[in-house]
Structures are given as structure tokens and as C-alpha cells.
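1. Provide a 3D model corresponding to the input given below.
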Amino acid sequence: MKKLVVVLMIFPLVLVAGTPELDGYFDGTGVWGNPVAVADGNAGFSVFNAKKIYVTDDASYIYLGADVHASWWACWAFLLNTKTGGSSTDSWSLSVTYDHINKPDYVVRGYFNDHYAEINIWNGSAWNGVDTDIGNTEYADEIRDNDIDGFVEIRVPKTTITESVADIQFYITGDNPAYGTFDACPDDEVVTEWDQTGNPTSLDNYVTDVSLPVELTGFKVEFRSGGVLVSWTTESEIENLGFLVSRKLKLESSNWEEIASYVYDASLEGHGSTTEKHEYQFTDTAVLSGVTYQYRLGDVDYNGKVTWHKSVEIKVNAEDVKIPVEFGLQRAYPNPFNPTTTISYQLPSASFVKVSIYDVRGKLVETLVNEQKDRGSHLVVWDAGGLSSGIYIYKIEAGEYSEVNKCLLVR
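-> Down below sits the predicted model:
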């Protein structure tokens, strides 16, 4: 049998949930996940307020974000300690000292409204990257006036920050080197007046152990007898609950559909925190010949945040698909579901097929299929939007063959 294999190699660093658009606006928790740190909500000095820190990633970048209230002329910085040693001296020689127990070894910083940002790296004796602009495509904010709310976001290549755990603090200061901290998240010491005497403020309050859920080194799909085998390998895992597999057709109008989850499949459960290598796999049997599918993998951490990795695609050729030898109705997946689930079935010969949904009282809810179908494997997606939670019955009729099964809609 002809076998098609598609392999994707992924850089081994993911901090934590989506791919933000760098436009200076918060893309929501669906992209960023929940904040990794939340300050007290009160302004520090004057109008300045560092409210929340967000961290997420995609296959190539770590994204840092901060919810702020600030003015256009100020500057900002993310401090990161990755346990490799750092400096107590501010990388821009501002009137701020780093008094954390573990000193920062990365400072990611820039100016509001100036499209200028740097990544400063401690080399053991000095800060590298000072006065080196990383480019305005890597950073964004919309602080264009005095005393306004906004969002700061910047991305850092995973080839730059390669460690898997970081302590993080964010702070705002002024445009004069003599100014100290105006506000910080997590909360910390701030100046109390427009002090330009050079008396430094002290920062020593990280949000600790913002960590990598999974170090993924391989993700591939290949056709095997009976379906598409999706497999992947992890070199290490931190606070990993488990994995999700989603799929879509290679069409612009197609949406991602979850087809496997650690919630329902114990083989996809993560190994918590481990430095050992683990291998996982899932077989997608509900595929059709001549169709190109895209698959992507998500890992879920203990906080419920999902990190989606790059997708791979595969075309299922007609000669790869095994013709069923008997009728079959597969278990709907996902099940339980909200609000869509996929029902797959197999036909050993061309038949007139009817697939129907009933409630538990036997009342017809919806007819999903009512037409002639060729032999082979087929699937239909049921969208139960607008229906109430509960058990529903799905039934297939094909010639003399008839079978029923149950699925659970959970709101």
C-alpha cells in the first residue's frame, strides 16, 4: 500500500496559548489565555498603572503582553529570570535596581508611541542588545496620548530565549534616566514624587515559574490502513494535563473541529511535569478519499490554557482507503459535545442512507442525511446549537441495515 508521510519539526520552546496579532490591542483570553499576574488595580505614581501580564506563544515566538494605563512619553520593561543568573543593574541604567533573589537575565523593553523596542540579554558581565532596535514589526502599543488605557505586546524568537521556565515582572518608568518605577506588576516599590535626583526604586517581586507546558520535538501524520495516524513526541512536559487533536478540511471556509481529547481518551493524558521522553498517537478513522485534511495539536496546562502548535496536512488518496466489508456506525466524536459532533459511518456497497437525530422521547429532531451514498467511509457534522442539554439518539438506516447510538450535549 502506498504510504504518504508528512513531518513537521517544531522548535522546542512553548511558554503558554495562541498567536496574537501585534496591533497594540488585546486579542482576548482565547488567544492570550488568562493573565499570569494581576496587580492590585490601583495606579502607582501619578496616572500610571501596570495592571496585568500575559504570556503566550506560537511555534516560533514567545509573546509578552501587558494591560496598562499610561502616557505616550513613558517607557516600559519586562524582566525575565530564567534561573541562569542575571544583573541587579537596569539595562538602560535607569534609576531602578533589580533586588530579586534571582536577578533578571533578560529585559524586553521599549518606549510607548515610539515603535522602538530592545531585547537585552545578560552575558555574565554586561547587557547585550542595548541600543539595538528589534524592528517595529515585533512590538506594538496604542498609547498615543496622556493618561489612557492601552496594551503593550511584543514577541521574542524562541531561538533567543531558549529556557523553559521564567520568573517575570513588568514595570513602567519615565523618559528621564533619573526617574524610578512609576508602577509594576506584580506590585512593587514606586516613586512618590517627580524625583529626578537619581534615588533608585527597588524591584524584587516576580510572578514565579511561568513555564513551558510541553517541549514538542516531532509531530507527523501518515496514512495507515484504517485511517490517518497522528503521532507526536515530547522531550519534556511541565504541568501538562493532556492533548487535543483538531482537524479541518483544506478550505478557507472550513473551521477547526476537535476530534480527540485527553478528557475522553486516556491515552492522550499528559504526564504532568517530567523530563522524560514520551510518545503519543491517535488514529482518525473518519476520513474520506480524495480529501486534504489539516491537523493541529494542542496541549493543555493545569490552568486550562491551550497551546496550539503548527498544523500539518495530508491528502487521503483513493488507493489508500480500505473499502469497508460491513456496515458500521461509529461513536460520535466528541461525545459529550458542545455544540458540534461528528458522526461517521461505513458502507460496504452504495446505498440510500438516512441519518436522523431523535430526543430521548423518540421525537425526530433533525435529519442529517437523506440521499444515495457511494460505498466507503462517510461522516456528517451535527450542529446542535439552539438545543438544550441532554441525551440525543442518532440513527442510521441504509437498505436493510439500521443502527442507533447515543450522544450527550452539554452546555
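2. My read is that residue 218 contacts residue 232, right?
-> Yes. Counting by C-beta atoms under 8 Å, residue 218 does reach residue 232; the two are 6.1 Å apart. C-beta coordinates here come from the backbone N, C-alpha and C atoms, glycine included.
3. out of these two, which sits in the busier spot?
-> residue 232 (23 against 14; other C-beta atoms under 10 Å).
4. State the distance from the more buried one to residue 270.
-> 12 Å (C-beta to C-beta, to the nearest Å).
5. hey, what's in contact with both of the two?
-> Residues touching both residue 232 and residue 270 (C-beta atoms under 8 Å, 6 or more residues apart in numbering): residue 243.
6. which SSE is residue 151 in?
-> strand 148-157 (DSSP states H and E).
7. Show me what that strand pairs with in its sheet, parallel or antiparallel.
-> Strand 148-157 has its sheet partners listed here by DSSP bridges as strand 61-70 (antiparallel), strand 139-140 (antiparallel).
8. Take those strands and lay them out in a markdown table including mean pLDDT, mean neighbour count and distance to residue 404.
-> Formatted as a markdown table, the strands paired with strand 148-157 follow (pLDDT from 0 to 100; neighbours: other C-beta atoms under 10 Å; distance: least, C-beta to C-beta, whole Å):
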| stretch | mean pLDDT | mean neighbour count | distance to residue 404 |
| --- | --- | --- | --- |
| strand 61-70 | 93 | 24 | 47 |
| strand 139-140 | 94 | 24 | 54 |
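9. What is the neighbour count of residue 393?
-> Using other C-beta under 10 Å, residue 393 has 16 other residues around it.
10. That one touches residue 361, doesn't it?
-> No. Between residue 393 and residue 361 there is no contact under C-beta under 8 Å: 9.9 Å.
11. Find residues that contact each of the two.
-> Counting by C-beta under 8 Å, 6+ apart, no residue touches both residue 393 and residue 361.
12. residues in contact with residue 116?
-> 110, 133, 136, 139.
13. Quickly list what it is bridged to.
-> With DSSP bridges applied, the residues forming beta bridges to residue 116 are residue 111.
14. buried stuff in stretch 117-135?
-> Neighbour counts over stretch 117-135 (16 or more other C-beta atoms under 10 Å) mark 117-122, 127, 129, 134 as buried.
15. Just name the closest of those residues to residue 199, please.
-> residue 127 (22.0 Å; C-beta to C-beta).
16. How about residue 183, nearest residue that isn't a chain neighbour?
-> Leaving aside its chain neighbours, residue 183 sits nearest to residue 44 (2.8 Å; criterion: C-beta to C-beta, 6 or more residues apart in numbering).
17. what's near enough to touch that neighbour?
-> Contacts for residue 44 (C-beta under 8 Å, 6+ apart) come out as 50, 172, 181-184, 187, 190.
18. how about a cut-off of 10 Å?
-> Residues near residue 44 by C-beta atoms under 10 Å, 6 or more residues apart in numbering: 50, 69, 171-172, 181-185, 187-192, 201.
19. Equivalent analysis for residue 39, please.
-> 49-53, 66-67, 170, 183-188, 205.
20. Now, of those, which are buried?
-> 49-53, 66-67, 170, 183-188, 205.
21. what's the burial count for residue 267?
-> 11.
22. That one - that's part of a helix, no?
-> Yes. Residue 267 sits within a helix when classified using DSSP: H, G, I helix; E, B strand; the rest coil.
23. In contact with it, which residues?
-> 242-243, 260, 280-282.
24. hang on, isn't residue 136 packed against residue 111?
-> No. Applying C-beta atoms under 10 Å, one finds residue 136 not in contact with residue 111, separated by 11.3 Å.
25. When those two are compared, which one has more neighbours?
-> A count of neighbours by other C-beta under 10 Å puts residue 111 above the other of residue 136 and residue 111, at 18 against 13.
26. Please tell me how far that one sits from residue 379.
-> In terms of C-beta to C-beta, residue 111 sits 53 Å off from residue 379.
27. got it, and residue 275?
-> To residue 379, residue 275 is 39 Å away according to C-beta to C-beta.
28. Between the two, tell me which one has more neighbours.
-> Using other C-beta under 10 Å as the criterion, residue 275 and residue 379 rank with residue 379 on top: 14 against 10.
29. Isn't residue 227 up against residue 284?
-> Yes. If you go by C-beta under 10 Å, residue 227 and residue 284 touch, sitting 5.1 Å apart.
30. show me where pLDDT drops low in the stretch 201-350 of the chain?
-> Counting by pLDDT under 70, the stretch 201-350 of the chain contains low-confidence ranges at 211-215, 217, 225-226, 252-253, 318-323, 325.
31. With the flanking residues excluded, which residue is spatially nearest to residue 259?
-> Leaving aside its chain neighbours, residue 259 sits nearest to residue 247 (5.0 Å; criterion: C-beta to C-beta, 6+ apart).
32. So that neighbour, which state does it fall into?
-> Secondary structure for residue 247, judged by three-state DSSP, is strand.
33. Residues in a beta bridge with it, which ones?
-> Beta-bridge partners, per DSSP bridges, of residue 247: residue 257, residue 295.
34. what's the spacing between it and residue 209?
-> Distance from residue 247 to residue 209, by C-beta to C-beta: 33 Å.
35. tell me the SS of residue 31?
-> Criterion first, three-state DSSP; result for residue 31: helix.
36. check contacts around residue 371.
-> 352-355.
37. any idea which helix or strand carries the residue nearest to residue 218 when sequence neighbours are not counted?
-> Leaving aside its chain neighbours, residue 218 sits nearest to residue 233 (4.5 Å; criterion: C-beta to C-beta, 6+ apart). Secondary structure from DSSP H and E places residue 233 in strand 227-249.
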